[in-house]
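>>> Return a 3D structure for these sequence lines:
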Amino acid sequence: MATATYREPYPESVAAARGLPQPMSPEIFAKTTNGLRWTGGAYHAQPFEYVSNYAPAGAVSASANDMAAYMQALLDPERMAKAGVLKAETALALREPLFSNTPELGPMLHGFFDLNTAHGRRGFGHTGSLVFQKSTMEIYPEEGFAIFVSANTPAGRTLLDRLPALLLDVFYPKTHPARPRAKDPQAEAAKVAGVYRSLRVPTYRSEAPPIRYISELEVRTLPSGDIVIAGSRRYKPLGEGIFGSIADHDRIAFHKLDGRMRLFDGSGVFPADRIGFFETDRWLRWIAGAGAALALWAIVAAVERFIRGDRRGRAAAMVLDGLSLLWLVAGALLLVSISSWAGDQASYFYTYPGVLYPIACWALLVAAVATPVAAIFAFLRLRPTDWSRWLWIRNGARRVRRADRHPDRMASSWLQLVSLSSRDPPLEDCPSRALRTMACLGWVPRRRGQEQEGPLPAVAP
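Got it, this is the predicted structure:
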């Protein structure tokens, strides 16, 4: 493996300034392949994919000849021992199980995947994947067969998935017993349908939200009882939560753990949990859209009040208008910052976090903190002018106790308290009870001919 290297082709000046190892030699760099992207009806070469910050994933660059030597050593542990790399017994120990998430599927070996589940043969190997460079290495000791496949386009994943199995079936044919379907396939499928989220995602810092929502996959049922995962892979129910691919030997499993249904892929090391509607990106889009619509309504109402010269409840209204504007600005910054990542994995992989995304995150944090503060200020400003703050708080507490005893009267109790301000429009002008609070803030204009001068009639607390 003379040309295999963990080095990357960065300038020597960068290595010296940042304390990095020496870069890849120019001779080896000249032999590397560029990733290709299909755009505009043609393939376009992409820059070298740097992964120093993600190593060891994707860290080694090697030729097909290098990988052939490595696979020969994995097939023949004595060869590895003669090379002084590992003892023969140590090399054999790499094939032993390390752990298993579910007994029905293959375990994780010492640095390798167990391929028995995927191809129905005793084998081991590993895959590699960047944005454009994809590879797989599979070793089958009983057949004396090993294969390494590499591709430099995202579409090459299909070749990696299918070619090893096709070659095995051609050169080492094997009859696999038919796997019977479950007795009640529709019921089996119904148990596992839903939206799942991978557990191998960040859980903190600003990279967590975007990856969390792009890591969702849908398990959809078909009338036959089969399921479709992520819109492409189809599986038939075999019973006891096990599903088998209709295209190859791959199997997956579903089990309920800690009250959630969990999906295990064929390797058993990429689990995903089923999530509820309020955890999905669909709910996020709906609630974000509703919030944006409400904020826009508030801004339009503010402009209308300015044009009409309406000064009622001005302080409270300006606070809430400013809050609405802050949420709109923060949301717009977020959309602009992630727009290039939505359909381009390479853009996210190599440009995160960028310039705008951190600003958007800080703006959203400020908006979230400002929301309860603005709400408290607005309602304090809406207290009756002839009441002291202590009287307003005392009557508010009284209504809280009353609402606790009579939950069905909670909304009307609070609306009555807010409506006591002499700076508010008359509540009889509001078309419905649901609009009364907005009317008190000046968000709902009064109908013509019903203007009222002076304070509202006193209402007993």
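
>>> Secondary structure element holding residue 336?
Using DSSP states H and E, residue 336 maps to helix 314-338.

>>> Do me a favour and average the pLDDT over that helix.
Averaged across helix 314-338, pLDDT comes to 87.

>>> ok, now stretch 288-295?
So the average pLDDT for stretch 288-295 ends up being 90.

>>> can you pull the alpha-carbon coordinates of it into PDB?
Provided in PDB are the C-alpha atoms of stretch 288-295 (Å, rounded to 0.1, in the frame of the first residue of the first chain):
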ATOM      1  CA  ALA A 288     -43.500  28.700  11.400                       C
ATOM      2  CA  GLY A 289     -45.900  29.700   8.600                       C
ATOM      3  CA  ALA A 290     -48.700  30.500  11.100                       C
ATOM      4  CA  GLY A 291     -46.200  32.600  13.200                       C
ATOM      5  CA  ALA A 292     -45.000  34.400  10.100                       C
ATOM      6  CA  ALA A 293     -48.600  35.200   9.000                       C
ATOM      7  CA  LEU A 294     -49.500  36.500  12.500                       C
ATOM      8  CA  ALA A 295     -46.400  38.700  12.600                       C
END
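
>>> buried set for that stretch?
Using 16 or more other Cβ atoms under 10 Å as the burial criterion, the residues of stretch 288-295 that qualify are 292, 295. All C-beta spots, glycine's among them, are computed from the backbone N, C-alpha and C.

>>> cool, and stretch 36-45?
Within stretch 36-45, the residues that qualify as buried are 36-37, counting by 16+ other Cβ under 10 Å.

>>> now it, how far from the chain's geometric center?
In this view, stretch 36-45 has its centroid 27 Å away from the chain centroid, taken as Cα atoms, centre = their mean, to the nearest Å.

>>> Outline the domain layout of this protein.
Listed domain ranges for the chain are 12-171, 185-279, 281-440 (source: automatic domain parsing).

>>> before we move on, the earlier item: check which helices and strands the helix holding residue 336 sits against.
Helix 314-338 is packed against helix 281-308, helix 356-381, with contacts defined by 3 or more Cβ pairs under 8 Å, 6 or more residues apart in numbering; DSSP states H and E.

>>> what's next to it, contact-wise?
Residues outside helix 314-338 that contact it (Cβ atoms under 8 Å, 6 or more residues apart in numbering): 210, 288, 291-292, 294-296, 298-299, 301-302, 305, 354-357, 359-361, 363-364, 366-367, 370-371, 374, 377-379, 381-382, 441-443.

>>> re earlier: quick one, which of the helices and strands packed on helix 314-338 gets closest to residue 49.
helix 356-381 (21.1 Å; Cβ to Cβ).

>>> how many degrees apart are the closest one and helix 314-338 in direction?
160 degrees (axes from the mean of the first three to the mean of the last three Cα atoms, to 10 degrees).

>>> can you give me how far helix 356-381 is from the chain middle?
On Cα atoms, centre = their mean, the centre of helix 356-381 falls 24 Å from that of its chain.

>>> repeat for stretch 181-193
For stretch 181-193, the distance to the chain centre is 27 Å (Cα atoms, centre = their mean).

>>> got the buried residues for it?
Buried residues in stretch 181-193, counted by 16+ other Cβ under 10 Å: 181-182, 185, 188-189, 192.

>>> Where does pLDDT dip in the stretch 301-450 of the chain?
Applying pLDDT under 70 to the stretch 301-450 of the chain picks out residues 310-313, 343, 345-346, 379-389, 392, 395-396, 399-450.

>>> next SSE after the helix holding residue 336?
Following helix 314-338 in sequence, per DSSP H and E, is helix 345-351.

>>> Can you tell me what sits against that following helix?
Contacts to helix 345-351, defined as Cβ under 8 Å, 6+ apart, come from residues 37, 46, 49-50, 130-132, 154, 210, 340-341.

>>> and which of these is nearest residue 226?
Looking across the contacts of helix 345-351 and measuring by Cβ to Cβ, the closest to residue 226 is residue 154, at 26.9 Å.

>>> Which residue, other than its chain neighbours, is closest to that closest one?
Take residue 154 and drop its neighbours on the chain: the residue closest to it by Cβ to Cβ, 6 or more residues apart in numbering is residue 132, 6.3 Å away.

>>> do the same with residue 115
Closest to residue 115 by Cβ to Cβ, 6+ apart is residue 123, at 3.9 Å.
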